[in-house]
Each structure stands twice: as structure tokens, then as C-alpha cells.
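In: here is my input, please return the structure:
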Amino acid sequence: MTIRVLIVDDQMMVREGFSVLLNAMEGIEVVGEAVDGREAIAQVAALRPDVVLMDIRMPQMNGLEATREIVAADTDAKVLVLTTFDLDEYVYQALRAGASGFLLKDASARQLADGVRVVAAGEALLAPSVTKRLIAEFSKLAEAPRVADPAGLGELTEREKEVLVLIAQGLSNGEIAGRLIVAESTIKTHVSRILVKLGLRDRTQAAVFAYETRLVTPS
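Out: I've put the predicted structure just below:
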């Protein structure tokens, strides 16, 4: 199936450039563009894209606010945030708001297309430099008092907790299956149940949850 993409950026050259790059990739179609967060919300409702490439710093409504509203609207669209700043202060907040991943704007055409495919498939996507910033943020959380029984964590089975830890460590379903010596389909079932029990949107939010509840701590 073709992955439908909406590009959101206040710079016309950026929108046009990404549009040309992605439309040249097999299985990807750019179905629309938006110049700010407010227009992005309207376009998501009208066009029903699979993936929204979202700039962070925009006038009228920034990408963080738009991501929060798109996720709250319970659409199927996954948000992939594009930023020029690998140390952008919105990184952690946007992931908590429901973004499925981050890429820097200097990513290659292949990295951009692969990122769209990964996010559309429900996987997490974080650029290495962004991951370093998240680890720093999670390290700050580790200094805070631990909650005795974080909301929702008690609903998980021991195996589900084990899978959640591995998700937070960045392993794919196939890698988790290999680690636990079970079928990949079994891991997919565990992941689905984890997301339902915790009321989470995707693997990225599951990873954030695992760190915030200190089920996993930065090494």
C-alpha cells in the first residue's frame, strides 16, 4: 500500500524539496502541505495521511502544539518531527505529546524515506543525536524519587514488562523474539497488549513510559 504523507513546514523551499524527494520514492505519495500547525490539523482531518512530517518551529501554532492536537483527535496519522536542531528543547516534549520519532533536516533522501516507512509501520524512529538528548533527560528523571506503583505498570504480566524493557532499549520485534527465543508473532501480540493496557499510541510512547516509570534507567 502507498504511504500517504503530509508535509508541514513554514518554508516553501523545504516543503517543495521534501515533496520532490518523497514522491520519487516507491510506495510513498505526498498528498498535501501545510504552512503551520493550525493548517496541519485541518489537513490531517481532510486528507487522512498516514504520516505527518512536522516542523517544530513555526508561526501561528508550532509543531509541538499541533502534534498534541493531532494525537488527541485519535487519528491514525503518525507524526515524524523534522528539526534543524539536534538539541531542540521540544524533543522530549514532542515525544510525550505523541510524536513517533525525530529526524534532522539534514537527513539524506534515503534516510527520510526510510524514516517515513518505519514510522508508518508503527516503529519508533530517533536520530542518534536526538537519542543522546533523550538519555540526558531520562537521567534527570532518575534523580527524582521513584513512584512505588506507576499507573498501569501493575496491569502488565512479567513477560510484558520484559518486552517493554526491550522496546525501551530500541530492539525491534524480530530482535526481541530472538532475545526471548519466541516467535515474532508472539512479540507482536505482547506489544499490542502492552499498548492497550497502558493506553499508549505506539512503541515510542511505550519507551518513554518505561523510562518515566523507571522500569528502565539510562546506562
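In: where does the chain dip in pLDDT?
Out: 85-91, 124-151, 218-219 (pLDDT under 70).
In: what ranges do the strands span in it?
Out: Secondary structure of the chain (DSSP state E): strands at 3-8, 28-34, 51-55, 78-83, 101-104, 125-126.
In: which ones are touching the closest residue to residue 162 other than its chain neighbours?
Out: Leaving aside its sequence neighbours, residue 162 sits nearest to residue 180 (Cβ to Cβ, 6 or more residues apart in numbering; 7.1 Å). Where you see a C-beta, it was placed from the backbone N, CA and C, and this is true even at glycine. Shown in contact with residue 180 (Cβ atoms under 8 Å, 6 or more residues apart in numbering): 162, 163, 166, 187.
In: ok, the first one to residue 54 distance?
Out: In this structure, residue 162 and residue 54 are 33 Å apart, going by Cβ to Cβ, to the nearest Å.
In: give me the more crowded residue out of those two.
Out: residue 54 (28 against 15; other Cβ atoms under 10 Å).
In: next up, the contacts around the nearest residue to the more buried one once chain neighbours are set aside.
Out: Once flanking residues are discounted, residue 54 sits nearest to residue 63: 4.4 Å by Cβ to Cβ, 6+ apart. Listed by Cβ under 8 Å, 6+ apart, the contact set of residue 63 reads 8, 37, 40, 54, 55, 56, 57, 81, 90, 94.
In: which of these sits closest to residue 121?
Out: residue 81 (17.1 Å; Cβ to Cβ).
In: how many neighbours does the closest one have?
Out: 29.
In: surely it touches residue 99?
Out: Yes - at 4.9 Å, residue 81 and residue 99 qualify as touching, with contact defined as Cβ atoms under 8 Å.
In: what touches both of the two?
Out: Common neighbours of residue 81 and residue 99, counting by Cβ under 8 Å, 6+ apart, are 54, 67.
In: just give the nearest non-adjacent residue to residue 197, would you?
Out: Per Cβ to Cβ, 6+ apart, closest to residue 197 is residue 155, 4.6 Å.
In: relative to residue 38, how far out is the one you found?
Out: Relative to residue 38, and taking Cβ to Cβ, residue 155 is found at 37 Å.
In: tell me which of these two has more neighbours.
Out: Legend: neighbour count by other Cβ under 10 Å for residue 155 and residue 38, higher for residue 38 (16 against 13).
In: and for the nearest residue to the more buried one once chain neighbours are set aside, the neighbour number?
Out: Counting by Cβ to Cβ, 6+ apart, the nearest residue to residue 38 once its immediate chain neighbours are dropped is residue 61, at 4.4 Å. Neighbourhood size, residue 61 [other Cβ under 10 Å]: 15.
In: ramachandran angles for residue 61?
Out: Backbone torsions of residue 61, given as degrees, to the nearest 10, read phi -150, psi 120.
In: which ones are touching it?
Out: By Cβ under 8 Å, 6+ apart, the residues touching residue 61 are 36, 37, 38, 40, 41.
In: by neighbours, which of the residues you listed wins?
Out: Of all these, residue 40 has the most neighbours under the rule other Cβ under 10 Å, reaching 32 neighbours.
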